[in-house]
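Let's see this in three dimensions:
(one chain, ligands or ions: 1)
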Amino acid sequence: MAREWDAVAYEGLSSPQTRWGAEFLGRLELAGDESAIDAGCGTGKVTGLLLERLPRGTVLAVDGSRAMVEAAGERFAGEPRVRVEHQDLLELEVGEPVDLVFSTATFHWIVDHQRLFDRLADVLKPGGRLAAQCGGEGNISRATRATREVVRRERFRPFFEGWDDDKNYAGAGETKARLEAAGFEGVEAWLHEEPTRFGSVEELSRFLATVVLGGHLQRLPGGEGEAFAGAVADEIVSEDGDPLLDYVRLNMTAARAGGGG
Ligand SMILES: C[S@@+](CC[C@H](N)C(=O)[O-])C[C@H]1O[C@@H](n2cnc3c(N)ncnc32)[C@H](O)[C@@H]1O
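Alright, predicted model coming up:
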């Protein structure tokens, strides 16, 4: 199951993810009456934008973090067209297959993309569509380098012995092949860069602590988390003085085979 998230902090810090999600959603052609799943809905900000695009549709918002599910549940309380469920996407089960699986900023947290795509194909109607964006090949390489450096420091090393910070920043070619192997057709997959600059090292550090380094912080004793995120932020900035994360997004659209036409 996915790790826990600080939903309150994510709600306040996730404007980059919300902006990318809105842009990705803006490019999708939708009839407006689809049944959709938001796979990894977080606190539900992008889910809300998806719902606006589906005035006659429904959304099943799924997330593996209980805190995120609680936040999204509060956001959509009294909205009969949204159901929020705590589920692991690798074990995703739905009552009825849906027209659309939508997802933003989530798939790179799941290492086994083949298993993920097999599962998502299974919850789609024949001809149903997958439209997703996540971190892709080369994503936040500055932060990855800096984190490796800080993890090796004596102060932090004991907390990370034998632990792997697994992410899957996949490339476009391998993603296309995996989607086709899962039974998708008309697959398009492409990368684009989203360099994201923060107002200060402190702002970068707060963002890292909640989003990028959340898994690391859960291994550290209280108090050390802030120091760790601050050290990673300092290390990133030491490259060229720029509080910048070199985000790369992997986009994918595909249809489950069997839709005819
Ligand atoms: C960065 S947030 C993205 C939230 C939202 N889609 C957005 O764009 O702001 C990533 C979300 O993926 C969820 N997640 C990661 N792995 C998951 C899994 N195996 N099953 C379900 N949710 C998962 C996390 O709990 C987290 O809420």
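
Show me which residues of stretch 110-127 are buried.
By 16 or more other Cβ atoms under 10 Å, the buried positions in stretch 110-127 come out as 110, 113, 116, 117, 119, 120, 121, 123, 124, 125. (C-beta placed from N, C-alpha, C; glycine too.)

cool, and stretch 132-143?
Here stretch 132-143 shows 132, 133, 134, 135, 136, 137, 139, 140, 142, 143 as buried, counting by 16+ other Cβ under 10 Å.

Turn those residues into JSON lines, including secondary structure.
What follows is these, written out as JSON lines (DSSP: H, G, I helix; E, B strand; the rest coil):
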{"residue": "132", "secondary structure": "strand"}
{"residue": "133", "secondary structure": "strand"}
{"residue": "134", "secondary structure": "strand"}
{"residue": "135", "secondary structure": "strand"}
{"residue": "136", "secondary structure": "strand"}
{"residue": "137", "secondary structure": "coil"}
{"residue": "139", "secondary structure": "coil"}
{"residue": "140", "secondary structure": "coil"}
{"residue": "142", "secondary structure": "helix"}
{"residue": "143", "secondary structure": "helix"}
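
Among the residues you listed, which pair sits farthest apart?
132 and 142 (24.3 Å; Cβ to Cβ).

residue contacts, the residue in the stretch 51-200 of the chain that the ligand sits nearest to?
Proximity of the stretch 51-200 of the chain to the ligand (Cβ to the nearest ligand atom) peaks at residue 64, 2.9 Å away. Residue 64 makes contact with 1, 2, 40, 86, 87, 88, 89, according to Cβ atoms under 8 Å, 6 or more residues apart in numbering.
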